[in-house]
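Trainee: next comes the sequence, and after it the predicted model I'd like to discuss.
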Amino acid sequence: MFQQLIARVGDHPNISWRGRFANACIELRSDGDSQYLSLDEAGLSLADARPDRPITFTLDTGAADWRELISDEPRPGLQTLSTMRRTGRLTVSGDHVAFYQNLLPLELLFSMSRPRPKKTAAAQTGPSIDPIIGRYLNMEIQGQPHRVYFEEAGQGIPLICLHTAGADGRQYRDILNDEAITANYRVVVFDLPWHGKSSPPAGFQDQFYQLTTDSYVAVVMAMKEALGLDNPVVMGCSIGGRAVLHLALRHGRELRAVIGLQSALFAENKIDGEPDGLRSIHRPDVHGPEISGALMMGMIAPQSNSADAWETLWHYMQGGPGIFMGDLNYYFTDGDMRNGLADGIDTAECPVHLLTGEYDTSATPELTQQLADDINATSFQVMKDMGHFPMSENPETFRGYLLPVLEQIAS
């Protein structure tokens, strides 16, 4: 079973490059039987007999789950090693730090090596310039000076787009370039402070970054006021999908509607065998940005094309130190809405539309359904063959779900 996997990967340059610095012997356990995967300067190798060297860590799941993991289209929850851990289908024992140090090449081997559809390329006869304008906005947010980078395209109803934790506004590039959207909507995408091209404020070296409900809502409303965006639509994904709920609750009268992508009342930082959970991504002995990218592989659907999937992961690999975890303070803790706050959302005053990918193991379709029922959402749809980042991992499929919602709001 695993030998065909190594044959599929071949001499993958990213695995070989990382192997120069690795020295791991990994036990792959399946229903009581084991094979042994070595990753070192010699590359990848697989043995049936236990080698004469210490086992670094063990990955243990059933044979059926191993087979599904390496298949072309596994079920949601079985698409990557990290996803299987989140859903309780895979147990990691041994050196957990070494597991993180080797997670990216392991995910390249097990999940990202599977065949993926190719991105449909637009016909191009020569150089072209995207119809996107990028600018910096200097303003105060909660009494502190900031220089916020934003991009916009189109005209008509303002549409503010909020990116995911640890990433930036590049996730909405295809939305900004979609003429079917920009013909009727003025799309505005900004990088949260500390993210992308929005540098931290002066004196950041003396601060500890943590995103809160108050600070997130404040920056969105500050952007709205500074750019004169009257009665806008706000669309957010992941932490942005939670933020649109707080915005509808606190400022529903000032908004035309909100669109929640991967929205839920709460999320749990729950990884098997990890008392510190995702804090491991900011240990000094692991490469935090690479671990962030490797973990996010598990949030992307196997049907997403390779080019868009890897560009989504690249954004995560460029995040500043501590920023992803600072955002997750809002996602896991401060922004938790199981306290009954969501009951105050008036969807008659501010319509709430919800779209969730079926392969998301964080804001699952079941959690979004619960939210939709609790607040009497204006609309809710599960997006087939989509993961946690619909606007960037598979924009071609996503627009088929988004355009009807935008048309409904405009009408």
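Mentor: Cool, got the structure.

Trainee: the nearest residue to residue 100 once chain neighbours are set aside and residue 342, how far apart?
Mentor: Leaving aside its sequence neighbours, residue 100 sits nearest to residue 286 (CB to CB, 6 or more residues apart in numbering; 4.8 Å). The C-beta positions use only the backbone N, C-alpha and C, and glycine is treated the same way. Using CB to CB, to the nearest Å, residue 286 is found at 36 Å from residue 342.

Trainee: can you give me the end-to-end distance of stretch 196-214?
Mentor: 21 Å (CA to CA, to the nearest Å).

Trainee: and if you look at stretch 139-150?
Mentor: 13 Å.

Trainee: so, low pLDDT: which residues of the stretch 1-150 of the chain?
Mentor: 10 (pLDDT under 70).

Trainee: now the strands: where do they sit in it?
Mentor: 24-30, 33-40, 43-47, 57-60, 91-94, 133-141, 144-153 (DSSP state E, counting those that start in this stretch).

Trainee: what's the closest of those to residue 398?
Mentor: Comparing the strands of the stretch 1-150 of the chain by their distance to residue 398 (CB to CB), the top pick is strand 144-153, with 16.9 Å.

Trainee: other SSEs contacting that closest one?
Mentor: strand 133-141, helix 173-176, strand 185-190, helix 213-226 (3 or more CB pairs under 8 Å, 6 or more residues apart in numbering; DSSP states H and E).

Trainee: go again with 10 Å.
Mentor: Applying 3 or more CB pairs under 10 Å, 6 or more residues apart in numbering; DSSP states H and E, one finds that strand 144-153 contacts strand 133-141, strand 157-162, helix 173-176, helix 179-182, strand 185-190, helix 213-226.

Trainee: may I see the buried residues of stretch 314-321?
Mentor: 315-317, 319-320 (16 or more other CB atoms under 10 Å).

Trainee: if we look at it, which residues are touching it?
Mentor: Residues from elsewhere that reach stretch 314-321 (CB atoms under 10 Å, 6 or more residues apart in numbering): 104, 163-171, 194-196, 199-200, 204, 209, 281-282, 287-297, 299, 310, 324-327, 389, 392.

Trainee: of those residues, grab the buried ones for PyMOL.
Mentor: Entered in PyMOL, the line below selects the buried ones among the contacts of stretch 314-321, by 16+ other CB under 10 Å:
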select buried, resi 104+163+164+165+166+167+168+169+170+171+194+195+196+199+200+209+281+282+287+288+289+290+291+292+293+294+295+296+297+299+310+324+325+326+327+389+392
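
Trainee: can I take it that residue 349 is in a helix?
Mentor: No - under DSSP: H, G, I helix; E, B strand; the rest coil, residue 349 sits outside any helix and is assigned coil.

Trainee: for residue 385, which non-adjacent residue is closest in space?
Mentor: Setting aside the residues directly before and after it, residue 385 is nearest to residue 303 in space (CB to CB, 6+ apart), at 3.9 Å.

Trainee: how about the one you found, phi and psi?
Mentor: phi -80, psi -10 (degrees, to the nearest 10).

Trainee: count of neighbours near it?
Mentor: 20 (other CB atoms under 10 Å).
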